[in-house]
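>>> Prediction below, plus the sequence it came from.
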Amino acid sequence: MRPRTQRRDHRGFSLVELLVVVAVIATLVGLLIPALSAARRAAQATTCASNLRQAFLVCRIYADQSDGVGPAIGEPYATLPNWGLVVLEASGLAGDSASEMYQEQTALVCPSVNRAFGGQMTRTYAMNATGHAGPALGDRDSYDDPQNPGHIRFDLVQFPDRAALLTDSRPAQFDSNAPPPTRSASVIDFRLTEHVADRLAMLHGADDRFNAAFFDGSCRPLGAVPPHWQEPLP
């Protein structure tokens, strides 16, 4: 007699089994997406801090080569020695105008801004202008005055680990000397509540923290502006 051939069961997955698999995959995706999003934000915050440290270092070297005086805080906005253009020039970028030198994905652009602001930004950091806003606030110079532009005396800054030079900043929400929409505000006077409200950008953590580069070369995130930042810089 010929041996009986064993029958094989070619039955596929049942509807219940498919639904279970789909449910398991959906659960895993739901668990992974927040973790991946948090990891991406953490990486962006780290890149932002690196950018700010690099920008500080350029400004520090500029001051060391200029008798302790840092680059221009504001005016001239479109040419050297404006602090932003000094940083870009040190990064290897060149041009005859600010519109040529400001580009995407440089040391002046936080990688979190596209998610936060939309569009492509070419500058997202601001320099601390506290103490350099002109005679109206009792200051010896003004970041908005081409005839007497503001400069920080790096060598006279007290407590460099507490005083900030650069921070994350928002796209300009003001009319006077406003930059193009692809550039954020480039100066912040921390004595002015409207500057803090309109110019400081909360981009990190759960969008409730900003990065700041300090005069000692460190960079760290903060959730609020310390009261001593209202003290004028030299």
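That came through, no problem.
>>> Counting neighbours, what do you get for A45?
21 (other C-beta atoms under 10 Å). Glycine gets a C-beta too; all of them are placed from N, C-alpha and C.
>>> Is it part of a helix or strand, or is it coil?
helix (DSSP: H, G, I helix; E, B strand; the rest coil).
>>> Report how many residues lie close to the residue lying closest to D208 once chain neighbours are set aside.
Distances taken as C-beta to C-beta, 6 or more residues apart in numbering place M202 nearest to D208, at 5.4 Å, with adjacent residues excluded. Using other C-beta under 10 Å, the number of residues around M202 comes to 17.
>>> So M202 belongs to a helix, correct?
No. Using three-state DSSP, the assignment for M202 is coil, not a helix.
>>> Distance check, it against C110.
According to C-beta to C-beta, to the nearest Å, M202 and C110 sit 11 Å apart.
>>> OK, contacts around the residue nearest to D208?
By C-beta atoms under 8 Å, 6 or more residues apart in numbering, the contact list for M202 reads D168, D208, R209, F210.
>>> any idea how far it lies from T182?
In this structure, M202 lies at 20 Å from T182, with C-beta to C-beta as the measure.
>>> ok, now L137?
29 Å.
>>> ok, the two, which is more surrounded?
Each of L137 and T182 has its neighbours counted (other C-beta under 10 Å); T182 has more, 18 against 14.
>>> Name the residues contacting each of M202 and C110.
Common neighbours of M202 and C110 (C-beta under 8 Å, 6+ apart) are D168.
>>> Could I get the contacts of M202 in TSV, plus columns for neighbour count?
Putting the contacts of M202 into TSV (neighbours: other C-beta atoms under 10 Å) gives the following:
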residue	neighbour count
D168	29
D208	11
R209	17
F210	24
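>>> For these, work out which two are farthest apart.
Within the contacts of M202, D168 and D208 form the most distant pair, 12.0 Å apart (C-beta to C-beta).
>>> these two touch, right, A94 and L80?
No. Judged on C-beta atoms under 8 Å, A94 makes no contact with L80 at a distance of 10.6 Å.
>>> Give me the more crowded residue out of those two.
Of the pair A94 and L80, L80 is the one with more neighbours under other C-beta under 10 Å, namely 15 against 9.
>>> pretty sure the more buried one contacts V86?
Yes. Look at L80 against V86 with C-beta under 8 Å: they come within range, at 6.3 Å.
>>> Now do the shared contacts for these two.
Each of P71 lies in contact with both L80 and V86 under the rule C-beta under 8 Å, 6+ apart.
>>> Count residues in the vicinity of the nearest residue to L52 once chain neighbours are set aside, would you?
The shortest distance from L52 to any non-neighbouring residue, by C-beta to C-beta, 6+ apart, is to A213 (3.8 Å). Per other C-beta under 10 Å, the neighbour tally for A213 reads 26.
>>> if we can go back for a sec, show me the contacts of M202 that map onto helices.
Judged by DSSP state H, the contacts of M202 include no members of helices.
>>> Check pLDDT for those residues and point me to the minimum.
Among the contacts of M202, D208 carries the lowest pLDDT, at 89.
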